[in-house]
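Asks: Sequence and predicted structure below; questions after.
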Amino acid sequence: MNDPIAMKPLSRLPGGPMVDAYTLTNVHGVSVRILTYGGTIQSIRAPDRHGELDDIVLGYDHLERYLESPRYFGCLVGRYAGRIAGGRFTIDGRSYDLDRNEGDNCLHGGRAGFDKAVWTAKTQETRAGAQVSLSHVSPDGDMGFPGELTVQATYELTRGNELRLELQAATTAPTVINLTNHTYWNLGGLGARHVRDHELQVLADAYLPTDEAQLPSGEIREVAGTEFDYRQPRILAEELDHTFVLAARKRGVLAPAARLSHPGTGRSLDIATTEPCLAAYTGWGGIALETEHAPDAPNQPNFLPTLLRPGVVWKSATVFKLG
């Protein structure tokens, strides 16, 4: 039987720290490989209906590709997942200008966001399985965001084939925050070239309309009668790049959000989260299902706030159940 936790040094960044890879493996042979670079999920090996293991997420074999790629494969994104219009927001009457890395907008925290950081790792075996906890300190003014932000991300692989992601953060000054994981899933395995044969269900009553720059208008529109109604499982015949507003839930309580399944292999993925939204994006042969708050919420009064003040610990949890 494989060790539940294995660590392998990869390489040192030019003039920077060493990047390591941690592999969590459970009693069923399911494994998750996580890099300290970007807190990235590099691979997840899971069985099909016949018990054959295959990698079901998009990733690169070599660290150098992650350094060059703009695709956010498997990484933790922050300080703010999604777009902030004009790269600007206001807190308590003071305006903050952010790094603009997509035209005039700030995307996923800027060009040197959390996906480019080398996180510090600690591991431990738990009653449920094994986990690796990653920590990172983002200095005051990082990519224009105020406050020193201390972040912890804990990945836990359980004996029940659940990958649990718990996030928490604290700040020294009022700031905005929206963290998520950006894994691209393809349950067909390494040889699959698209996800158009997958079925998707999203437990959302509404979605956020966007303009040509994929910025939300501020409207929250019901999915009923639209092409974005995924309340019942549907084949992914069309491409997606939209944020869904999940069905009513209690703040901080895990609730079902989405289900992705692949009839060909029998694999499935059930997602539960404490977050109010789920962004679905198809690209490069996979689908990203990001549990988060709404994009551009700091500039949209209709959206749930993403303001974090000193003395408050921000928390988020998402569970990916492999079937």
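Replies: Nice, thanks for sending it over.

Asks: Dig out what the most centrally placed residue in the chain forms beta bridges with.
Replies: Closest to where the C-alpha atoms of the chain average out (CA atoms, centre = their mean) is residue 181, at 1.6 Å. Note on residue 181: beta-bridge partners residue 76, judged by DSSP bridges.

Asks: quick thing: my sequence starts at 716, can you match it?
Replies: OK, 716 is where the count begins now, so the last one is residue 896.

Asks: neighbours of residue 929, just the number please.
Replies: Counted with other CB atoms under 10 Å, residues neighbouring residue 929 total 17. Yep, even glycine has a C-beta here, placed from its N, CA and C like the rest.

Asks: contacting residues for it?
Replies: 798, 956 (CB atoms under 8 Å, 6 or more residues apart in numbering).

Asks: With residue 966 instead?
Replies: Contacts of residue 966 (CB under 8 Å, 6+ apart): residue 989.

Asks: how near is it to residue 921?
Replies: Distance from residue 966 to residue 921, counting by CB to CB, to the nearest Å: 17 Å.

Asks: Setting aside sequence neighbours, what's the nearest residue to residue 744?
Replies: In this structure, residue 744 finds its nearest non-sequential neighbour in residue 768, 6.0 Å apart by CB to CB, 6 or more residues apart in numbering.

Asks: From residue 1018, how far off is the one you found?
Replies: 41 Å.

Asks: cool, and residue 832?
Replies: In terms of CB to CB, residue 832 sits 27 Å off from residue 1018.

Asks: What of residue 890?
Replies: 17 Å.

Asks: more neighbours, the two?
Replies: Using other CB under 10 Å as the criterion, residue 890 and residue 1018 rank with residue 890 on top: 27 against 21.

Asks: On the pLDDT front, check the nearest residue to that one once chain neighbours are set aside for me.
Replies: Sequence neighbours aside, residue 862 is the residue nearest to residue 890 in space, at 4.1 Å (criterion: CB to CB, 6+ apart). Model confidence at residue 862, given as pLDDT, is 98.

Asks: Residue 862: what's it in contact with?
Replies: Residue 862 neighbours (CB under 8 Å, 6+ apart): 855, 886-890, 1023, 1025.

Asks: Grab the two from those that are most spread out in space.
Replies: Using CB to CB, the contacts of residue 862 span at most 13.5 Å, a distance reached by 855 and 1023.

Asks: who's more crowded, the two?
Replies: Set residue 855 next to residue 1023 and count neighbours by other CB under 10 Å: residue 1023 wins out with 22 against 13.

Asks: Let me see the contact set for that one.
Replies: 862, 884-886, 889-892, 1029.
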